[in-house]
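Enquirer: For reference, the sequence and a predicted model appear below.
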Amino acid sequence: AQCDQSSAILENSLSYTNSGYTGSCPSNYVNAFGYTSPANWYKVTIFPGATSISINLCSGTNYDSFVDVLDPSGVRLAYNDDYCAYQSQLNNVNTVGFPFVYVVVTGYFGNSGNYGITITQNLPPANGVTNVQNSQCNTTLPDIDTYVFANLVSQAQGYRFKVTNNSTSNITTKDEVLRNHKMSSDVGFKYDQAYTVEVAVKRAGVWENYGSACTITTPSVTTQIQASQCGAPFIAPTDYVYADLVKYAKGYKFHIHNFSTGEDTYLEKLIRVFRANNIPNYQSNTYYSVEVAVKNTDDTYLPYGNLCFINSNTAKITPNAIKNVANSVDNFSAVAYPNPFDTNVYVDIKSQTSDPVEIIAYDMLGRTIETMKVDLTNNSIIEIGNNYPVGVYTIVVKQQDNIQNIRVIKR
């Protein structure tokens, strides 16, 4: 039995829970009040970095208990009687400088009985124990499901990630058993968004302070018509046209341009597919270009992906056919600058003909913001964007069968 120093129970962990019975020991321990009672002894080796110890007898104890903490030479450091009814508790007894201390469970005025004990060694509050590893700070994640790693902490029982949206200031927190975290698991996460990430560590059952903050940006993402359908043989009216799948996308916007009529169609779909006959006045023997934008998790649209050519002819789109379309673009160009812009943006148009040019500006929801027709002289420069709100816009420049889309950003 653990009735004296020589037979004390050895303990060295940060947190320890046990139960015992003092009645099997002789009534020879003298407590701080001078009463002699049976006692059980614990020898607690001080955990590295711990500065104090707490003892709790409030749960599972059925008699009038008493607790002492002694230094290695037996000098009493602290004692308690009747903290919780007739049971005992000591909080934050200083252990700095001691290799170990004794915890003695005894009774008041000779009492003995069954008890439950929890011994907790306390680490000092830490400011910035861990944070996101430096190699990931101020970077854009390569994939939305890429793990964000905190620096490893010895004896950690968990890691708490605090993630703040730098645009909305919305905060989410998530507790992880390991030191890694996926941004895609956060409520309200989105593509192409900067976040401030802080990490706190749990040790000895206590969540400590957050470490230094780190900025991490989620990737932007684009999609396009799947490669097997770009330049493919005849696309029949009832055929489905598929975009490449994007994880967590809330929808897809298809921008379809008819090279024969110059007509533009925008189809918004919850899934990554549309039927060719969804295009108004779908025509045979016609070339179409299709580009696709992904709907972000906040219902805004990300930039369009690569352009794809499809046709409604029974013949496969040949390299020469694509070249002819491309050559028409080579003879016609439009460049926007500065981009991004603060006040106005200039569209510099070059063409081998002087036919009128139509300019249409769309916002990311496909709404028309501005339209104009201009008579083109050589290298005309058109100024637009003066009253646009901050955002991303698509500028469509058309001249006969030539069309060019320019994506611009107003800050």
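Expert: Arrived safely. Residues are numbered from 1 along each chain as shown.

Enquirer: Would you check how far apart the residue lying closest to residue 259 once chain neighbours are set aside and residue 279 are?
Expert: Nearest non-adjacent residue to residue 259, counting by C-beta to C-beta, 6 or more residues apart in numbering: residue 287, 4.4 Å away. (C-beta placed from N, C-alpha, C; glycine too.) Noted for residue 287: a distance of 13 Å to residue 279, by C-beta to C-beta, to the nearest Å.

Enquirer: what do you get for residue 20?
Expert: Relative to residue 279, and taking C-beta to C-beta, residue 20 is found at 81 Å.

Enquirer: what about the helices in the protein?
Expert: Taking DSSP state H, the helices of the chain run over residues 319-330.

Enquirer: first to last residue in stretch 294-309, what's the distance?
Expert: Start-to-end span of stretch 294-309 (C-alpha to C-alpha, to the nearest Å) is 19 Å.

Enquirer: what mean pLDDT does it have?
Expert: For stretch 294-309, the mean pLDDT works out to 92.

Enquirer: ok so, going back, okay, now the residue nearest to residue 259: neighbour count?
Expert: 20 (other C-beta atoms under 10 Å).

Enquirer: Domains in the chain, by residue range?
Expert: If you go by automatic domain parsing, the domain ranges for the chain are 5-122, 134-217, 221-330, 331-411.

Enquirer: on that earlier part again, thought residue 307 was touching the residue nearest to residue 259, still the case?
Expert: No. Taking contacts as C-beta atoms under 8 Å, residue 287 lies outside contact range of residue 307: 11.8 Å.

Enquirer: Leaving out the residues flanking it, which one is nearest to residue 386?
Expert: In this structure, residue 386 finds its nearest non-sequential neighbour in residue 344, 5.3 Å apart by C-beta to C-beta, 6+ apart.

Enquirer: Enumerate every residue touching the residue nearest to residue 410 when sequence neighbours are not counted.
Expert: Residue nearest to residue 410 in three dimensions, not counting chain neighbours: residue 388, with 5.0 Å by C-beta to C-beta, 6+ apart. Going by C-beta atoms under 8 Å, 6 or more residues apart in numbering, residue 388 touches 361, 369, 370, 410.

Enquirer: Output these in a markdown table; the columns should cover neighbour count and pLDDT.
Expert: What follows is the contacts of residue 388, written out as a markdown table (neighbours: other C-beta atoms under 10 Å; pLDDT from 0 to 100):
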| residue | neighbour count | pLDDT |
| --- | --- | --- |
| 361 | 21 | 88 |
| 369 | 17 | 88 |
| 370 | 15 | 90 |
| 410 | 18 | 86 |
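
Enquirer: Closest one to residue 171 out of the residues you listed, please.
Expert: residue 410 (28.5 Å; C-beta to C-beta).

Enquirer: Specify the beta-bridge partners of the closest one.
Expert: Per DSSP bridges, the residues bridged to residue 410 are residue 341, residue 391.
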